[in-house]
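Student: Sharing a model prediction with you, sequence too.
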Amino acid sequence: MSTPITRRASPILSGVHFMNGDEAIAEGAIAAGCRFFAAYPITPQSEIAERLSWRLPRVGGMFIQMEDEIAAIAAILGASWAGMKSMTATSGPGFSLMMENLGLAVMTETPCVIVNVQRGAPSTGLPTLVAQGDMMQARWGSHGHYEIIALCPASPQEAFDLTVKAFALSERFRVPVLIMTDEVVGHMYERVEIPPEVPEAPRRKPKVPPEEFLPYKPEPDLVPPMACAGEGYRVHVTGLTHDERGYPDMSPEAHDRLVRRLVDKVRLFPHEYTFYEEVQLEDAEIAVVSYGISARVSLGGIELARKAGIKAGLFRLITAWPFPDEAIFRLAQRVKGIVVVELNLGQMSREVERAVRGRVPVHGVFHAGGRIHTPEEVFQGIEEVYRQCR
Amino acid sequence: MPVKEKEKALPEVVREARHPLEKWLRTDRLPHIWCSGCGLGTALSALLYAFENLGWDPDSIAVVSGIGCAGRVAGYLKLDTYHTTHGRAIPFATGLKLAKPDLHVIVFSGDGDLFAIGGNHFIHAARRNMDIAVICVNNFNYGMTGGQLGPTTPVGARTTTSPFGNFEHPFNLVHLAASAGATYVARCTTLDGRRLEKAFVEALSHKGFTFVEVLSPCPTNYGRRNRLGEALDELRYYQEHMIIRHGADPKDADIVPGKPFLVGKFVDIEKPTYLELYQEKVRELGGG
């Protein structure tokens, strides 16, 4: 444990710390007001669970190690319906096990946060080594059509900040929010500054008495208020297609209406969750689009390119899902070529290609994982696309 | 005649009369989907009588179900009710209970949901002595999906996926629950509403992980394919074959077609729950 914790008045670990990304996620959750964490041990996530098993009892929160990841996500959904902010954390194999109940969270509009510290895959793959191969699974892994929010931190500080943000977004939209980090960010130690106070995101509560309350009647922004267990509203919550009363309704009309609303309530408000960072893009001819640890490495490649006289810059995706189509399309109008750097054989690059709409060439610098890219590999990718578009 | 029409045709005095258990039900969701002769209605009314008996505030009760015929119970109760994914009612209920310890959390589901797809969660919740009551209506097959073999289907029994007779040995649920660490274990049949109600009252008011197995006819699927006759014939079978014995050894509670079987209370013990042990430490650490 990197940071000794003495008894404090506030549960928030304010101050400057030297901690890794996993620990920063744990502290971010506590700062955001999360008081329920359930998980199953898996590398490289275990530091999150270990820290929370030690921290949560001290702040009156609840920690439980479940029998598998299916149980872990089911438990956090139960806790969310009991009114708590809740989180689970895992890596690839466990993320696969969580997919069915991710859909339940979407369908029942249950706020919660799910962390995936990505490692080499498919299957057991490289348990201790980095990859970014679960990006499409984060988007489409559960069955059916839905919309979730996924954020990608590139440093321990950002891991803390985005975890806090993830809780706020999950309450605002009543969707599961995914933190799609990776083994290197999870295990990398850096300076993390935790503010003295973190405002707690409120849960949207019913504004009418129980006899008038319809648990799935949305407000104008398409999100319904949420009545939790024991609050007197006696709601029925089901993964079946349901009407505004929460009752099962098997008609195609009800289904289309519900699924459209679940998608639109997120899709219609991109300005609230679309985050990205631009570095040296002002004069850039070539843009590197990347995220997580790969974006950090890309900065080295951009430096090499600038030394070689190629004006390159970085567009760092912070929000992976919903994909920032507009921002990428605008980027394509400013540069001559795009290089996508990621630790898989082309996932977010497909989204970039789609959003670019053929305006400029898109070149991928891919590696299946096990190590991060070298700056030289990124540089070579930049050089190649530069040659293509001259 | 549709139900609404039938209701209109009734004399006013009958129309105005209200069933004493109605306040527990979402009457706008009735009639229910269960087949005639199914034991789920009996099990549900026994549960409602148990609620009346316990005198709990309805706002303090949460009922969680999985998927299947028994999984539909949650949807008919006018309580905070959660119809979750297949097999996952117990871990969902675990989250509810731990996040709000004052709630009375009940899991009501079927044999396939709780012991096939959800078997792992059952044994671990029992092992932890998680403070929830689990009610399993065992009809020996998957009724909702059309009558396939399940983890309690007897050897040799015919189902839609065991057309030549079942080659698998079934679980003895009483023995399984007791071995995994449940602190209260009982078995009843839907023939016996009173005993069922008593078992529910005991299981719901007992501290820790408690379990009631309810044997129920499934005349539409299991009964029909195994030539057990009408639902009443199945109940008669229970009457003729069940032996009420409290405190019997759980390992003797096997159910074999044509042979006598045990019902009654098998386990009734006390041990600290997960919450008690956890909260004690939280207080010590000053986090409470």
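Tutor: Nice, I can see it.

Student: and chain A, what are its domains?
Tutor: Annotated domains of chain A cover A:15-194, A:277-388 [automatic domain parsing].

Student: and the residue in chain A that chain B sits nearest to, what does it touch?
Tutor: Ranked by Cβ to the nearest Cβ, the top residue of chain A for proximity to chain B is A:Gly78, at 2.6 Å. C-beta: built from backbone N, CA, C; applies to glycine. A:Gly78 is in contact with B:Val64, B:Tyr82, B:Pro91, B:Phe92, B:Ala93, B:Thr94, B:Gly95, B:Leu96, B:Lys97, B:Ala99, counting by Cβ atoms under 8 Å, 6 or more residues apart in numbering or on different chains.

Student: Would you mark the buried spots in the one helix or strand it maps to?
Tutor: Assignment of secondary structure by DSSP states H and E places A:Gly78 within helix A:69-81. Buried residues in helix A:69-81, defined by neighbour count with 16 or more other Cβ atoms under 10 Å in any protein chain shown: A:69-81.

Student: and what of stretch B:166-178?
Tutor: For stretch B:166-178, a neighbour-count test (16+ other Cβ under 10 Å) marks B:Asn166, B:Pro170, B:Phe171, B:Asn172, B:Leu173, B:Val174, B:His175, B:Leu176, B:Ala177, B:Ala178 as buried.

Student: Quick one: the helices in the chain, in order.
Tutor: Since no chain was named, I'll use chain A. For chain A, applying DSSP state H gives helices covering A:21-32, A:46-55, A:69-81, A:92-108, A:135-140, A:156-173, A:183-187, A:252-267, A:292-307, A:325-334, A:348-356, A:375-388.

Student: could you do chain B instead?
Tutor: Counting by DSSP H, chain B has helices at residues B:3-9, B:12-16, B:40-54, B:73-76, B:89-99, B:111-112, B:119-128, B:173-180, B:193-205, B:224-225, B:231-241, B:274-285.

Student: what residues are up against the closest residue to chain A within the stretch 151-288 of chain B?
Tutor: Among the residues of the stretch 151-288 of chain B, B:Gly287 lies closest to chain A, at 4.3 Å counting by Cβ to the nearest Cβ. Going by Cβ under 8 Å, 6+ apart, B:Gly287 touches A:Leu56, A:Pro57, A:Arg58, A:Val59, A:Gly60, A:Gly61.

Student: Neighbours of residue 89, how many?
Tutor: Using chain A. Using other Cβ atoms under 10 Å in any protein chain shown, the number of residues around A:Ala89 comes to 32.

Student: wrong chain, I was asking about chain B
Tutor: Neighbours of B:Ala89 under the rule other Cβ under 10 Å: 33.

Student: circling back: could you export the helices of chain A to JSON lines, including columns for mean pLDDT and distance to B:Asn226?
Tutor: Compiled in JSON lines, the helices of chain A are given as follows (pLDDT from 0 to 100; distance: least, Cβ to Cβ, whole Å):
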{"stretch": "helix A:21-32", "mean pLDDT": "98", "distance to B:Asn226": "52"}
{"stretch": "helix A:46-55", "mean pLDDT": "98", "distance to B:Asn226": "47"}
{"stretch": "helix A:69-81", "mean pLDDT": "98", "distance to B:Asn226": "33"}
{"stretch": "helix A:92-108", "mean pLDDT": "98", "distance to B:Asn226": "32"}
{"stretch": "helix A:135-140", "mean pLDDT": "98", "distance to B:Asn226": "43"}
{"stretch": "helix A:156-173", "mean pLDDT": "98", "distance to B:Asn226": "49"}
{"stretch": "helix A:183-187", "mean pLDDT": "98", "distance to B:Asn226": "54"}
{"stretch": "helix A:252-267", "mean pLDDT": "98", "distance to B:Asn226": "37"}
{"stretch": "helix A:292-307", "mean pLDDT": "98", "distance to B:Asn226": "57"}
{"stretch": "helix A:325-334", "mean pLDDT": "98", "distance to B:Asn226": "58"}
{"stretch": "helix A:348-356", "mean pLDDT": "98", "distance to B:Asn226": "53"}
{"stretch": "helix A:375-388", "mean pLDDT": "97", "distance to B:Asn226": "66"}
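
Student: so which of these gets nearest B:Phe266?
Tutor: helix A:69-81 (26.0 Å; Cβ to Cβ).

Student: Please export the alpha-carbon coordinates of that closest one; CSV is fine.
Tutor: Only the C-alpha atoms of helix A:69-81 are listed here, as CSV (Å, rounded to 0.1, in the frame of the first residue of the first chain):
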residue,chain,number,x,y,z
GLU,A,69,-17.9,-11.8,-11.8
ILE,A,70,-21.5,-12.6,-12.7
ALA,A,71,-22.3,-12.4,-9.0
ALA,A,72,-20.2,-9.2,-8.6
ILE,A,73,-22.1,-7.2,-11.2
ALA,A,74,-25.5,-8.6,-9.9
ALA,A,75,-24.6,-7.5,-6.4
ILE,A,76,-23.7,-3.9,-7.5
LEU,A,77,-27.0,-3.7,-9.3
GLY,A,78,-28.8,-4.8,-6.2
ALA,A,79,-26.9,-2.3,-4.1
SER,A,80,-27.7,0.5,-6.6
TRP,A,81,-31.4,-0.3,-6.2
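
Student: what about that helix, distance to the chain center?
Tutor: On the basis of Cα atoms, centre = their mean, to the nearest Å, helix A:69-81 sits 17 Å off its chain's mean C-alpha point.

Student: pLDDT wise, what is the residue of the stretch 151-288 of chain B closest to chain A at?
Tutor: Note on B:Gly287: pLDDT of 76.

Student: Same question for B:Ala9.
Tutor: 81.

Student: what's around it, how many residues?
Tutor: Neighbourhood size, B:Ala9 [other Cβ under 10 Å]: 9.

Student: For chain A, see how far away it is.
Tutor: 26 Å (Cβ to the nearest Cβ, to the nearest Å).

Student: Could you pull out the buried residues of stretch A:185-197?
Tutor: For stretch A:185-197, burial by neighbour count (16+ other Cβ under 10 Å) applies to A:Val185, A:Gly186, A:His187, A:Met188, A:Glu190, A:Val192, A:Ile194.

Student: Not counting its neighbours along the chain, what's nearest the residue in the stretch 101-250 of chain B positioned nearest to chain A?
Tutor: Closest approach between the stretch 101-250 of chain B and chain A, counting by Cβ to the nearest Cβ: B:His124, at 4.0 Å. Take B:His124 and drop its neighbours on the chain: the residue closest to it by Cβ to Cβ, 6 or more residues apart in numbering or on different chains is A:Glu67, 4.0 Å away.

Student: Can you give me every residue that contacts that neighbour?
Tutor: Neighbouring residues of A:Glu67 by Cβ under 8 Å, 6+ apart: A:Tyr40, B:Pro91, B:Asn120, B:His121, B:His124.

Student: what's the nearest residue to B:Ala180 once chain neighbours are set aside in contact with, if anything?
Tutor: With Cβ to Cβ, 6+ apart as the criterion, B:Ala180 has its nearest non-adjacent residue at 3.7 Å, and that residue is B:Ala126. Contacts here follow Cβ under 8 Å, 6+ apart; on that basis B:Ala126 touches B:Ala177, B:Ala180, B:Gly181, B:Ala182, B:Phe209, B:Phe211.

Student: Do you know the pLDDT at B:Ala126?
Tutor: At B:Ala126, pLDDT is 98.

Student: what's the first-to-last distance across stretch B:5-22?
Tutor: Counting by Cα to Cα, to the nearest Å, you get 20 Å between the two ends of stretch B:5-22.

Student: Would you mark the buried spots in it?
Tutor: By neighbour count with 16+ other Cβ under 10 Å, stretch B:5-22 contains no buried residues.

Student: And for stretch A:289-301?
Tutor: With burial defined by 16+ other Cβ under 10 Å, the residues of stretch A:289-301 counted as buried are A:289-301.

Student: What parts of the stretch 251-390 of chain A come near chain B?
Tutor: For the stretch 251-390 of chain A, no residue is in contact with chain B (Cβ under 8 Å from any Cβ of the partner chain).

Student: circling back to that earlier point, most tightly surrounded among the domains of chain A?
Tutor: Highest mean neighbour count of those: domain A:15-194, a mean of 24 (counted as mean count of other Cβ atoms under 10 Å in any protein chain shown).
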